[in-house]
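J.: Predicted structure and sequence below. I'll ask about it afterward.
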Amino acid sequence: MRIRVLRASIRPVTAAVLTLAAALGCLHRPVPAIAAPPAIHWEPCPEDEKVQCGTLRVPVDWTVPLGPRIELTLARRPATDKGGRIGTLMVNPGGPGVSAVNMALDQEYFGAAVRRRFDIVGIDPRGVGRSAPILCDQKLVDARPNPMLATEADFAKAADYNRRLAADCARRSGPVFGHADTVSVVRDMDAVRLALGEERISFFGASYGTLIGQLYAERYPDRLRALVLDGVMDHSVDVDGFLTQTAEAVQAAFDQFVAWCGRDDKCALRGRDVKRIWAVLMDRAAAGTLVDPYDPPSRLGVWDLIQAAFSAFYDPQWYSFAHYLKEAYEPVPAGRRARAARTVDITPHSFPAVMCQDWSLPVGGFTGFRDRLRALATRAPQTRISPLALTAVTGCLGRDTAPVNPQRPIPAATGPVLVVNSRYDPATAYVWAQQVARQLGPSARLLTYQGWGHVAYTHSPCVSAAVDRYLTDLTLPAAGADCPAIEPVPFGVG
């Protein structure tokens, strides 16, 4: 599959050019009525005819607005109460690399009040899903080195691999590969706003989608009615903050798992020294003797074991993870194995393209990298690192181009912002939400879910009610508000 690139013809200034200039932020007043907005071609989505699917062409490089174009795909779930409709709620589930179209298609994600009052619009970001997806040789992708680089030779091979992968993906994907940064996504988002005919939008961003929301608020503050950031990225941290704060978040999630196992009689390791069992498993993994309990006789390495834990903490899946550890420690016959825990895919094809354009993550060669891993192991003695953060850092080694959207503090918000985070989120550290809320200033309010898992809206009715109330009424929770933790239940229960 080849990306479709269209070149616009150069014509005298027209209404369409004025419209594009407005999307670029060149015009500070609403576009005159004679300016026809860019067209979205709508038709019923094949997955759900109640949802409209559409496409919009945008410049691949927003600094060359009349240059080559790519096609964005979006979905709109119309408000069910036309008379009470507030406007458009744009949504993004993060990744980077997760489909926002699929999020709009999910009729169960948002509460009834939000579905009644908003058209819910999900745009697959450029390079993702249905929007000029970044394409790479799957065999090359599958050959990705273990991110826990142990030697200088491993470090050099990883840098060489990244260069080969980037060249392959750029060749297969076309110019979108070099323009997958989140600032470009933000400009796409505003072009969609304009095409929808909305003066202002509301936005719900989860995980990496929170960075889209922050950068949109920075660039177009007067075009936002409401902003929810759930599972927050802090785009101001340097490489040490990025690695350290995420590693500490994974360790905190592990400690919570251990504490839960000590109080829940359904934990398969109840009454046992979970940290000692983990240490034995890590030693076996390092020695190459740890058999994968769900895929024998395959062996698990240290990276595999840590990533299994990280994935289990997303929901969290404590019951199945406890069985997983027990059966790895004391293998059982195949017929008695428990259901395997879901593994989180953290590396879609677009992941390194986006991360390496949005983040500057230098480690100072192999010596600096090795020293950082050693320091992280003291901060996170069981889990050692964050698989997500280490994948990002090692995936950018050797890249020939500097990031176009490197870290910087986000300016204070001009309107109310609701910041949400789980206290024990393994992927986006709780401290990131605290730091971002401070950067956004007095207009921002942090709502803490005192529980576990990544993205709190789907884990807590208390959180979802507060978010829905804010989106519909612009009512923020009280300062210091929190929502109680909800104990996980076994798979298939509750």
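T.: That came in fine, so what should we check first? Residues are numbered from 1 along each chain as shown.

J.: For residue 459, give me its contacts.
T.: 422, 449, 451, 452, 453, 486 (CB atoms under 8 Å, 6 or more residues apart in numbering). No exception for glycine: its C-beta is placed from N, CA and C like everyone else's.

J.: and with 7 Å instead?
T.: The contact partners of residue 459, taken as CB atoms under 7 Å, 6 or more residues apart in numbering, are 422, 449, 451, 453, 486.

J.: repeat for residue 193
T.: Residue 193 neighbours (CB under 7 Å, 6+ apart): 201, 223.

J.: Quick one: mean pLDDT for the helix or strand containing it?
T.: Element membership of residue 193, judged by DSSP states H and E, is helix 182-196. Taken as a whole, helix 182-196 has an average pLDDT of 98.

J.: which element follows it toward the C-terminus?
T.: strand 201-206.

J.: tally of neighbours for the residue nearest to residue 395 when sequence neighbours are not counted?
T.: Excluding its sequence neighbours, the residue lying closest to residue 395 (CB to CB, 6 or more residues apart in numbering) is residue 352, at 4.2 Å. If you count neighbours by other CB atoms under 10 Å, residue 352 ends up with 27.

J.: Including neighbour count, could the contacts of residue 459 go into a markdown table?
T.: As requested, the contacts of residue 459 are arranged in a markdown table below (neighbours: other CB atoms under 10 Å):
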| residue | neighbour count |
| --- | --- |
| 422 | 30 |
| 449 | 28 |
| 451 | 23 |
| 453 | 24 |
| 486 | 17 |
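
J.: re earlier: what's the angle from the host helix or strand of the residue nearest to residue 395 to helix 182-196?
T.: Assigned by DSSP H and E, residue 352 falls within helix 350-358. Put simply, helix 350-358 runs at 100 degrees to helix 182-196, going by axes from the mean of the first three to the mean of the last three CA atoms, to 10 degrees.

J.: I'd like the next helix or strand past helix 350-358.
T.: Next along from helix 350-358, by DSSP H and E: helix 365-379.

J.: Against which helices or strands is the longest helix along the chain packed?
T.: When the chain is scanned for its longest helix (criterion: DSSP state H), the result is helix 239-263. For helix 239-263, the packing partners by 3 or more CB pairs under 7 Å, 6 or more residues apart in numbering; DSSP states H and E come out as helix 274-287, helix 318-329, helix 365-379, helix 387-395, strand 417-424, helix 430-440.

J.: Need the winner for burial among the ones you listed.
T.: strand 417-424 (a mean of 26; mean count of other CB atoms under 10 Å).

J.: Describe which strands that one pairs with in its sheet and in which direction.
T.: Strand 417-424 has its sheet partners listed here by DSSP bridges as strand 224-230 (parallel), strand 444-452 (parallel).

J.: in the very next helix or strand once past the longest one, what counts as buried?
T.: Beyond strand 444-452 on the C-terminal side, the first helix or strand identified by DSSP H and E is helix 461-473. Residues 462, 463, 464, 466, 467, 468, 469, 470, 471, 472 are the ones in helix 461-473 that count as buried (16 or more other CB atoms under 10 Å).

J.: For helix 461-473, enumerate the helices and strands it packs against.
T.: helix 112-117, strand 224-230, strand 417-424, strand 444-452.

J.: Throw the ones you listed into TSV and include mean pLDDT and distance to residue 399, thanks.
T.: Conversion of the helices and strands packed on helix 461-473 to TSV gives the following (pLDDT from 0 to 100; distance: least, CB to CB, whole Å):
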stretch	mean pLDDT	distance to residue 399
helix 112-117	97	39
strand 224-230	98	28
strand 417-424	98	30
strand 444-452	98	33
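
J.: Now render those as TSV, adding distance to residue 62.
T.: TSV is the format used below for these (distance: least, CB to CB, whole Å):
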stretch	distance to residue 62
helix 112-117	30
strand 224-230	19
strand 417-424	25
strand 444-452	28
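
J.: Can you check which of the ones you listed gets nearest to residue 97?
T.: Residue 97 lies closest to strand 224-230 among the helices and strands packed on helix 461-473, at 17.6 Å (CB to CB).

J.: Output that closest one as CSV - backbone C-alpha positions only.
T.: What follows is strand 224-230, C-alpha atoms only, in CSV (Å, rounded to 0.1, in the frame of the first residue of the first chain):
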residue,chain,number,x,y,z
LEU,A,224,-11.0,25.6,23.2
ARG,A,225,-14.2,25.4,25.2
ALA,A,226,-13.1,22.6,27.6
LEU,A,227,-10.0,20.4,27.9
VAL,A,228,-9.7,17.1,29.7
LEU,A,229,-6.3,15.5,30.1
ASP,A,230,-6.4,11.9,31.5
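
J.: and the strands paired with strand 417-424 as JSON lines, adding distance to residue 272?
T.: Formatted as JSON lines, the strands paired with strand 417-424 follow (distance: least, CB to CB, whole Å):
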{"stretch": "strand 224-230", "distance to residue 272": "35"}
{"stretch": "strand 444-452", "distance to residue 272": "21"}
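
J.: Residue 192 contacts residue 76, doesn't it?
T.: No: applying CB atoms under 7 Å as the test, residue 192 and residue 76 come out as separate, 9.8 Å apart.

J.: Check the offset of the helix holding residue 193 from the chain's centre.
T.: From the chain centre to the centre of helix 182-196 is a distance of 18 Å (CA atoms, centre = their mean, to the nearest Å).

J.: Export the contacts of residue 459 as TSV, with columns for distance to residue 410.
T.: TSV is the format used below for the contacts of residue 459 (distance: CB to CB, whole Å):
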residue	distance to residue 410
422	21
449	22
451	26
453	25
486	30
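
J.: nearest to residue 297, of these?
T.: Of the contacts of residue 459, the one sitting nearest to residue 297 (CB to CB) turns out to be residue 453, at 32.6 Å.

J.: how much space between that closest one and residue 256?
T.: Residue 453 is 10 Å from residue 256, where distance means CB to CB, to the nearest Å.

J.: what do these two both touch?
T.: By CB under 7 Å, 6+ apart, no residue touches both residue 453 and residue 256.

J.: Chain neighbours aside, what residue packs nearest to residue 57?
T.: Nearest to residue 57 is residue 69, by CB to CB, 6+ apart, at 4.5 Å.

J.: Surely that neighbour and residue 58 touch.
T.: Yes: the pair residue 69 / residue 58 is scored as a contact, 6.3 Å apart, by CB under 7 Å.

J.: higher neighbour count, the two?
T.: residue 58 (24 against 20).

J.: Next, the buried residues of the one helix or strand the more buried one maps to.
T.: Taking DSSP H and E as the criterion, residue 58 maps to strand 52-59. In terms of neighbour count (16+ other CB under 10 Å), strand 52-59 has its buried residues at 52, 53, 54, 56, 57, 58, 59.
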